[in-house]
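Peer 1: pasting a predicted model and its sequence here:
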4 protein chains.
Amino acid sequence: MRAVLLLTCPDQPGVVAKTANWIAEQGGNILHAEQHVAASASGATASFFQRIEFTTDAFSVAPHDIGQAFAPVAAELAMSVDLRLADVPMRLALMASRQPHCLYDLLTRWKSGELPADLRVVISNHVDHQDICEHLGVPYVHLPVTKQTKSEQEAKVLETLRAYDIQLTVMARYMQILTDDFIASCPSAIINIHHSFLPAFIGANPYRQAHDRGVKLIGATAHYATADLDEGPIIEQDTHHVSHRDDVARLTAKGRDLETVVLARAVRAHLEHRVITHENKTIVFS
Amino acid sequence: MRAVLLLTCPDQPGVVAKTANWIAEQGGNILHAEQHVAASASGATASFFQRIEFTTDAFSVAPHDIGQAFAPVAAELAMSVDLRLADVPMRLALMASRQPHCLYDLLTRWKSGELPADLRVVISNHVDHQDICEHLGVPYVHLPVTKQTKSEQEAKVLETLRAYDIQLTVMARYMQILTDDFIASCPSAIINIHHSFLPAFIGANPYRQAHDRGVKLIGATAHYATADLDEGPIIEQDTHHVSHRDDVARLTAKGRDLETVVLARAVRAHLEHRVITHENKTIVFS
Amino acid sequence: MRAVLLLTCPDQPGVVAKTANWIAEQGGNILHAEQHVAASASGATASFFQRIEFTTDAFSVAPHDIGQAFAPVAAELAMSVDLRLADVPMRLALMASRQPHCLYDLLTRWKSGELPADLRVVISNHVDHQDICEHLGVPYVHLPVTKQTKSEQEAKVLETLRAYDIQLTVMARYMQILTDDFIASCPSAIINIHHSFLPAFIGANPYRQAHDRGVKLIGATAHYATADLDEGPIIEQDTHHVSHRDDVARLTAKGRDLETVVLARAVRAHLEHRVITHENKTIVFS
Amino acid sequence: MRAVLLLTCPDQPGVVAKTANWIAEQGGNILHAEQHVAASASGATASFFQRIEFTTDAFSVAPHDIGQAFAPVAAELAMSVDLRLADVPMRLALMASRQPHCLYDLLTRWKSGELPADLRVVISNHVDHQDICEHLGVPYVHLPVTKQTKSEQEAKVLETLRAYDIQLTVMARYMQILTDDFIASCPSAIINIHHSFLPAFIGANPYRQAHDRGVKLIGATAHYATADLDEGPIIEQDTHHVSHRDDVARLTAKGRDLETVVLARAVRAHLEHRVITHENKTIVFS
């Protein structure tokens, strides 16, 4: 068994040694360790972040008791701890509207074993992808939505996520704006893809905005969804060169590849337990 | 001799043929031709843009009379014409403040023959680069500036640009904000480099803004300077991946390479007569 | 109706004008035109290449007679002519082995209307993708192959391509080496994807080769298949940064996105009639 | 004071803890730590690599005795140790021939404080850069070379490197092939820039080779020089898109930016003590 500790605490001498010692004492072997120290903007104590991946086969405590066993070390270091059992795939839901590219791409990656996830359900406000999901053996929950039924539909989405005990929900070009209530109540992390290099072109029709401004690059941004639209912690971004020849339709077509790849990278980083969120930013370990 | 015609007109049948015929009739040979048609947003007539580079050795008219000779064709097609004699290097001025990277890079490219320009003067509000410019044989005009002397200093800059008969002024990290008056009165085109992927992080300290937002990319944008700060037509942009490890100092260091390369590409495009400006956007021919 | 002329001839004065005139005389309107002149390595006459896209609605000759009508102009200019009726989607076949990523990506793009193609058949030496193809309504021809049955199998592939009257065959990670006979007899153009930045890592296991050499980039190359393995004209290439952390499995996973995107770009360029091949190189118009 | 330990040893349980403990016991604080485990190709024990940067202000041993103090830990873990005192800039020599771009770029970065180096000498087989170096206050040693005088000239280069006690020699487009004897006798590490994406286009005229093959990318590779030409461990690579429009001259011009940036990144990585070499590959910590 492999476990991953995602640790956040005030920077202090000896912190690396204390954690490494504890793992060594339990009989674990560190497979990967990466740390980061971020100076505080305000001049306060710097913050320390670490991802440690280690074997637990020789541990005397059972995997699910590791957190409790580590608690005294964490307490001593004022550490916030996120323990992941890396051999248990994370329970995943995908949400999509009409556009298929991000959804099909994630389905293909999941099918070919590239994504370490237990894909439990696809939720959509359209029926378009029902066939392909059934063909792949993934339950498909069709929850249409109108202005009038929005709060009711969101309640059903939340219910579905709870029913499948989802840990990560990916908005694979789900084109409905999520309410603050939904985000506050959502039992899982949420990753969204925005089709611009944020913070440029926030909001609707970013390719139209990009064309109007005459930019020479388009971009895509994968981020955690938070109450502030398009303002959540950024996980991954990329851009692609464009030119005066690219009208809005061509920008949109070129952008699809960016959206697909950027979203997939962000989802993989989360599923591989490589992301810590801190003060509306992410630390994405390599 | 080579000449370049940069043409803009309403799109209409026969426009390519008429111009090509005229060149053929004069005895010219087309070396490169590239065109672009941009649909109008408002549904009005589309716009036609063309760059034609051709030999003029067999022309019966002298190089400086080509414009007049072409005038009837242009009139028939309601064409706006920009004629460039491509073998005459453009008269260039560089402006810089303290930071050397963009200035030294352009000086090095000019020195090694990479930039087809007649570099006539470097203007700076600091003395820092006087030695290197004198060493390279480029006149250096030191025009210090304070809040109190700004309008006076700008007047001297304009006077210098006029004295050297400058066609293109490049702001190679010149850190003073240009007044609207300066831009309106400037006898040359002005290219500026902004150290972000515009329209994100307009204004001061873009690397600080980028760090605060937690982006995973930094960028640089070269654009023509217009009255609206950071809002002029974009010529060239590029981005570079960054991570949580990059604090503001590292973002700044990484950004220097982007700024340097993006500015140099934009300057080269202008000097090679490959840019047409239209409705606050650029067409940059390849 | 839109038509595209892909033209190759010795460079000569008046060539642009003569073709543009002919189109204007027929009543056509040029939508896009791009040309290229390549100096000859040996000092012989330069070569001229042009892509012209134009409307034919006002033509007096029928679409299928345009080639004949243009023949006198072509003869005068010693021009090799490739005429495409751009509103008729090209007849396409996809071939794949076990790996799904390139195949599924092209299927998804075709399904969503991004590829202007008449996808007629998928051919594979495995049954793996039969379900998905049937689900999408694309005929699936399963032609297993062994060392012993190779020539027989290739004959059946050729028969299938002929039966469906295929114009472009895309090897979407089809892992069998094609014989010279097959390539010589193939009724269609063939595009292949190689998972390295050619000419580096020709042949088998390029990701293993890349790992052994310790490169900091991996790449993918889409090219036309010719008798010389991995030596055909390159249409599109791209690379992605990798590090010491990437073992062969991670290089392979990262490479999948490159392969997918690079192949799709090349296929789109061909389907949009933007590629001319000349002396084992391509001119890819923008 | 900051020190960096670059460590290589067989992978084994407890290795991270033992080193971290030792630093903590001395009173040091770990600023950055990054590790890597590379599986052995042959199935033998995996290798462990680590870069640890830490403060030494509270150490009881003097900076130059740290290596000896750490020796028992290293011996226990069969560790190869490279200790760097990070506040002492590395002693650097630059070598160049006629082409200025890499040399001037490194000079500019050094001058502006971007490179943590003690630049002691520039050596060239041409006089071209003497003025600029003298202007910047860097000793310039002009050592012309012919076929007849090669071994004699190389002896003088080595003598110069020894006289200045150089730790890193950077071949900033030094166009002479170094003999095996030179490389074997050189008292410093050597970084070279090759103007292609190795292993493609090894040897002379890579841009000519690239043009002949019709590639859609050009590249540059910075590597440590070893006895096998262009075969040394790669530190950094990058590529840039090119098209059919780029003849050899334009490939060369576009390539200059790549060479400059790739070489600078590699030099910075070495000067910042972020590179470990192992079995003809590099681990470049972030």
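Peer 2: On my side now, so go ahead.
Peer 1: now the strands for the stretch 1-150 of chain A?
Peer 2: Secondary structure of the stretch 1-150 of chain A (DSSP state E, counting those that start in this stretch): strands at A:2-10, A:30-38, A:47-55, A:80-85, A:90-96, A:117-124, A:140-142.
Peer 1: so for D:Tyr164, which of the ones you listed sits nearest?
Peer 2: strand A:30-38 (35.7 Å; Cβ to Cβ). In this view, the C-beta of every residue, glycine as well, is placed from N, C-alpha and C.
Peer 1: against which helices or strands is that closest one packed?
Peer 2: helix A:15-26, strand A:47-55, helix D:15-26, strand D:30-38 (3 or more Cβ pairs under 8 Å, 6 or more residues apart in numbering or on different chains; DSSP states H and E).
Peer 1: I'd like the strands of the stretch 1-150 of chain A as JSON lines, with mean pLDDT, mean neighbour count and distance to C:Asp131 appended.
Peer 2: Below are the strands of the stretch 1-150 of chain A laid out as JSON lines (pLDDT from 0 to 100; neighbours: other Cβ atoms under 10 Å in any protein chain shown; distance: least, Cβ to Cβ, whole Å):
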{"stretch": "strand A:2-10", "mean pLDDT": "96", "mean neighbour count": "20", "distance to C:Asp131": "34"}
{"stretch": "strand A:30-38", "mean pLDDT": "88", "mean neighbour count": "20", "distance to C:Asp131": "38"}
{"stretch": "strand A:47-55", "mean pLDDT": "94", "mean neighbour count": "21", "distance to C:Asp131": "37"}
{"stretch": "strand A:80-85", "mean pLDDT": "95", "mean neighbour count": "16", "distance to C:Asp131": "33"}
{"stretch": "strand A:90-96", "mean pLDDT": "98", "mean neighbour count": "24", "distance to C:Asp131": "20"}
{"stretch": "strand A:117-124", "mean pLDDT": "98", "mean neighbour count": "21", "distance to C:Asp131": "18"}
{"stretch": "strand A:140-142", "mean pLDDT": "98", "mean neighbour count": "16", "distance to C:Asp131": "16"}
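Peer 1: related to what we said a few turns ago, format the helices and strands packed on strand A:30-38 as TSV; extra columns: distance to B:Leu158.
Peer 2: Compiled in TSV, the helices and strands packed on strand A:30-38 are given as follows (distance: least, Cβ to Cβ, whole Å):
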stretch	distance to B:Leu158
helix A:15-26	59
strand A:47-55	50
helix D:15-26	61
strand D:30-38	50
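Peer 1: can you tell which of the ones you listed is closest to C:Glu114?
Peer 2: Per Cβ to Cβ, nearest to C:Glu114 of the helices and strands packed on strand A:30-38: strand A:47-55, 38.0 Å.
Peer 1: partner strands of that closest one, with direction?
Peer 2: strand A:2-10 (antiparallel), strand A:30-38 (antiparallel) (DSSP bridges).
Peer 1: and the first one, how far from the chain's centre?
Peer 2: With Cα atoms, centre = their mean, to the nearest Å as the basis, the distance from the averaged C-alpha position of strand A:2-10 to the chain average is 17 Å.
Peer 1: give me the angle between that strand and strand A:80-85.
Peer 2: Per axes from the mean of the first three to the mean of the last three Cα atoms, to 10 degrees, the angle that strand A:2-10 makes with strand A:80-85 is 170 degrees.
Peer 1: could you give the angle of strand A:2-10 to helix A:15-26?
Peer 2: 150 degrees.
Peer 1: cool, and the last one?
Peer 2: Taking the same axes, to 10 degrees, one finds strand A:30-38 and helix A:15-26 inclined to each other by 160 degrees.
Peer 1: alpha carbons of strand A:30-38, as PDB, please.
Peer 2: C-alpha atoms of strand A:30-38 as PDB (Å, rounded to 0.1, in the frame of the first residue of the first chain):
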ATOM      1  CA  ILE A  30       9.600   7.300   1.300                       C
ATOM      2  CA  LEU A  31       9.000   7.000  -2.400                       C
ATOM      3  CA  HIS A  32       8.700  10.700  -3.200                       C
ATOM      4  CA  ALA A  33       8.900  13.800  -1.100                       C
ATOM      5  CA  GLU A  34       8.600  17.400  -2.300                       C
ATOM      6  CA  GLN A  35       8.300  20.500  -0.200                       C
ATOM      7  CA  HIS A  36       7.700  24.100  -0.600                       C
ATOM      8  CA  VAL A  37       8.100  27.200   1.600                       C
ATOM      9  CA  ALA A  38       6.100  30.200   0.800                       C
END
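Peer 1: quick one: A:His32 from D:Ala46, how far?
Peer 2: According to Cβ to Cβ, to the nearest Å, A:His32 and D:Ala46 sit 12 Å apart.
Peer 1: between these two, which contacts overlap?
Peer 2: Common neighbours of A:His32 and D:Ala46 are listed as D:Val37 (criterion: Cβ atoms under 8 Å, 6 or more residues apart in numbering or on different chains).
Peer 1: nearest to B:Gln68, of the strands of the stretch 1-150 of chain A?
Peer 2: Closest of these to B:Gln68 is strand A:90-96, at 61.4 Å (criterion: Cβ to Cβ).
Peer 1: now do the closest one: which elements does it pack against?
Peer 2: helix A:101-111, strand A:117-124, helix A:150-163, strand A:168-171, helix A:248-271.
Peer 1: and those as a markdown table, adding distance to chain B?
Peer 2: Formatted as a markdown table, the helices and strands packed on strand A:90-96 follow (distance: least, Cβ to the nearest Cβ, whole Å):
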| stretch | distance to chain B |
| --- | --- |
| helix A:101-111 | 18 |
| strand A:117-124 | 22 |
| helix A:150-163 | 26 |
| strand A:168-171 | 18 |
| helix A:248-271 | 9 |
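Peer 1: circling back: nearest to B:Arg274, of the helices and strands packed on strand A:30-38?
Peer 2: strand D:30-38 (44.3 Å).
Peer 1: would you mind naming what in the stretch 51-200 of chain A lies close to chain C?
Peer 2: Neighbours of chain C within the stretch 51-200 of chain A, by Cβ under 8 Å from any Cβ of the partner chain: A:99-101, A:104-105, A:108, A:111-112, A:114, A:131-132, A:135.
Peer 1: surely A:Ala210 is in contact with A:Ser196?
Peer 2: Yes: A:Ala210 is within contact range of A:Ser196, at 6.6 Å (criterion: Cβ atoms under 8 Å).
Peer 1: since we're on whatever residue of the stretch 101-250 of chain A ends up closest to chain D, how many residues are nearby?
Peer 2: With Cβ to the nearest Cβ, the shortest gap between the stretch 101-250 of chain A and chain D falls at A:His241, namely 7.9 Å. A:His241 has 14 neighbours, counted by other Cβ atoms under 10 Å in any protein chain shown.
Peer 1: need the pLDDT of A:Ile23.
Peer 2: With respect to pLDDT, A:Ile23 scores 94.
Peer 1: quick check: it vs A:Leu6, distance?
Peer 2: For A:Ile23, the distance to A:Leu6 - Cβ to Cβ - is 14 Å.
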